[in-house]
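Participant: Make a model of this:
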Amino acid sequence: MARPGEVEVHVQASPDGDATVVRVEGELDMATCPELEQALESADLADLVVIDLSGCTFFDSSALRVLVQRARAAEAAGGTTALVTTDPGILRVLEIATTDTMLPVHDTIESAAGL
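Facilitator: Have a look, this model is predicted:
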């Protein structure tokens, strides 16, 4: 588990192998977003990438920028990006920025990956 002010990002295949799951634990801000960007670069833009924010404890506009850039690049390459979160604070940020209209938001990884 990440310490306050830090983030851990893990990349793995979904249970059925049809998606890449990027799990975020800790805080996503200007200082930690490069770790998320690096993890997302390892995933094929043409595939389904599920970004699991269930363990994310802080989320700012830097993180929002990374998600929007990823969604746009994936769409251009024929891929899909989906989010997983139930955190009211993160959901509110996504709603205010209308990012929730660009990126589907799910309660679980299974739902996001279509399992």
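Participant: residues contacting residue 73?
Facilitator: Residue 73 makes contact with residue 45, according to CB atoms under 8 Å, 6 or more residues apart in numbering. Quick note: C-beta positions are derived from backbone N, CA and C, even for glycine.
Participant: Give me the pLDDT for it.
Facilitator: We have a pLDDT of 96 for residue 73.
Participant: Name the next helix or strand downstream of the helix or strand hosting it, please.
Facilitator: Under the criterion of DSSP states H and E, residue 73 resides in helix 61-77. Under the assignment DSSP H and E, the closest C-terminal helix or strand after helix 61-77 is strand 80-84.
Participant: Mind listing what's buried along the helix or strand following that following strand?
Facilitator: Once the chain leaves strand 80-84, the next helix or strand it forms, by DSSP H and E, is helix 88-96. Across helix 88-96, burial judged by 16 or more other CB atoms under 10 Å covers 90-91, 93-94.
Participant: Out of those residues, which two sit at the greatest distance?
Facilitator: Farthest apart among those by CB to CB are 91 and 93. That separation is 7.4 Å.
Participant: tell me the angle the longest strand along the chain makes with helix 61-77.
Facilitator: The residue-count maximum for a strand in the chain (DSSP state E) belongs to strand 48-59. Orientation check (axes from the mean of the first three to the mean of the last three CA atoms, to 10 degrees): strand 48-59 against helix 61-77 gives 170 degrees.
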